[in-house]
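Visitor: from the sequence below, what's the structure:
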Amino acid sequence: MKAIRGAITVAHNTPEDIAEATTALLAEIAERNRLQPAEVVSAFFTLTQDLNADFPARAARAAGWDMPMLDTQELTVAGALARCLRILMHVDRDEPVQHVYMRGAVVLRPDLEPPR
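Guide: Reported below is the predicted structural model:
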């Protein structure tokens, strides 16, 4: 079993923007990892305190992701990146995985940015 980490910033605290960011992050994780749905075991989503308009898991389910999911709020830490949605996805595979940080969340792990 492997774990894939990812994060993305969300433009505004609206259900539409949270859904858009969630589906964009999941699509990029799937693409970079050549992920098959049967490999996904579970996913944990976290949102910073300034994002509370909807659940990322709702958007993931609407996009066809069928796995146990949990939404929770990040710790409130001074100076932390605002409007950030994070994921920890567990996958049943032996191959290496690529973590995905998008938009403003690239600052969290610039070392993981893929070469261009």
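Visitor: where do the strands sit along the chain?
Guide: Assignment of strands within the chain using DSSP state E yields the ranges 2-9, 40-47, 69-73, 84-91, 100-102.
Visitor: closest one to E28 among those?
Guide: Among those, the nearest to E28 by CB to CB is strand 100-102 (5.0 Å). For every residue, glycine as well, the C-beta is placed using N, CA and C.
Visitor: each with direction, which strands does that closest one pair with?
Guide: Strands that pair with strand 100-102, judged by DSSP bridges, come out as strand 2-9 (parallel).
Visitor: list the contacts of V10.
Guide: When contacts are counted by CB atoms under 8 Å, 6 or more residues apart in numbering, V10 is found next to 17-18, 21, 51, 83-85.
Visitor: quick one: it from A62, how far?
Guide: When distances are taken as CB to CB, to the nearest Å, V10 and A62 turn out to be 16 Å apart.
Visitor: closest to V107 among the contacts of V10?
Guide: Proximity of the contacts of V10 to V107 (CB to CB) peaks at C84, which lies at 9.9 Å.
Visitor: ok, now which ones touch the closest one?
Guide: By CB under 8 Å, 6+ apart, the contact set of C84 is 7-10, 47-48, 51, 74, 104-105, 108.
Visitor: any stretches of this structure with poor pLDDT?
Guide: In the predicted model of the chain, residues 113-116 satisfy pLDDT under 70.
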